[in-house]
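> no sequence on this one, just coordinates:
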């Protein structure tokens, strides 16, 4: 009996020690996608530069980052258009939190969400955990106590080891982590962005953006894999629907109109009748959430227009997709005819 009691006491102490270590090191500069954090800082500032003006912000994951030429759209529509495409590795609630912090009365927000965002799979994964510890400290602050408890339980021993090493290096040899540490300084990030020289070739970098938030240097076609299923999304998870309805309602009270848009798809053998039937079912289900301003069949592009993944258009593809976006904005947004928009 004593051995059993000793075992349970030891186990409890080990858990308490482990969780305490995680909490103490919760903002350790571990290896993560710091360029995404820098990009968020920059894009928020780009939006703020147009404060007080009616503008269009298109937000989503990387399909928006690569798929919209907001500079071109701004000139065509004669109003500011900002590309707030981020990274599909961010959870939907986080994207909505970030966008809502900068959008203002009189703005139009278009959410072009990748199909997985409509699913119920909103659980934190290892990538989320690593990025929150490394740079997305606001996401940690937004969590309630139960969410923080779940988060801590997802920190693996390997990651905890990285946290310990990173914290030691931060104190004893900060120069070795200079890229990570400088990315956490918003004023320094903005200063570097203003003084940037665009790279000559493509880079996943926040400094590879123009003043409208568009990523640059995406010439060529490198993607050879399978394209995304054009029948997806086919359903909206109840939890996601509730989240979007609540968000749209909050934005409405703020004086912001929210619309939704499709992502680009690689052309496949799927017939148009099948595609239209599936999309119609999805639209009917989605109608109580908001208005989708475009049609999937207008966003089907040849493989040659995709850059390096099935979600990333190249420069030529982006122009085609932006033309379709401009047409949809004029027809369904500026005209006010998107009847089920909120």
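Structure's in. What do you need? Since this is a predicted model, take the numbers as computed values, not measurements.

> so where do the strands sit in the stretch 1-150 of the chain?
Taking DSSP state E, counting those that start in this stretch, the strands of the stretch 1-150 of the chain run over residues 56-60, 81-85, 108-112.

> Determine which stretch of those strands is the most buried.
Per-residue neighbour counts averaged over each of these give the maximum for strand 81-85, namely a mean of 27 (mean count of other Cβ atoms under 10 Å). Where you see a C-beta, it was placed from the backbone N, CA and C, and this is true even at glycine.

> strands paired with that one, and their directions?
Strand 81-85 has these partner strands in its sheet, going by DSSP bridges: strand 56-60 (parallel).

> mind checking how far the strand it pairs with is from the chain centre?
Here the centre of mass of C-alpha atoms in strand 56-60, compared against the chain's by Cα atoms, centre = their mean, to the nearest Å, lies 10 Å away.

> for the strands of the stretch 1-150 of the chain, which one sits closest to residue 214?
Residue 214 lies closest, by Cβ to Cβ, to one member of those: strand 81-85, at 4.9 Å.

> coming back round to it: could I get the strands of the stretch 1-150 of the chain as CSV with distance to residue 122 and mean pLDDT?
Conversion of the strands of the stretch 1-150 of the chain to CSV gives the following (distance: least, Cβ to Cβ, whole Å; pLDDT from 0 to 100):
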stretch, distance to residue 122, mean pLDDT
strand 56-60, 16, 98
strand 81-85, 20, 98
strand 108-112, 16, 98
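
> what's the distance between residue 294 and residue 22?
44 Å (Cβ to Cβ, to the nearest Å).

> Buried residues, stretch 192-203. List them.
When burial is assessed from 16 or more other Cβ atoms under 10 Å, stretch 192-203 yields the following buried residues: 192, 193, 202.

> Now do the residue nearest to residue 74 when sequence neighbours are not counted against residue 336, distance only.
The shortest distance from residue 74 to any residue that is not its chain neighbour, by Cβ to Cβ, 6 or more residues apart in numbering, is 4.4 Å, and that residue is residue 81. Noted for residue 81: a distance of 18 Å to residue 336, by Cβ to Cβ.
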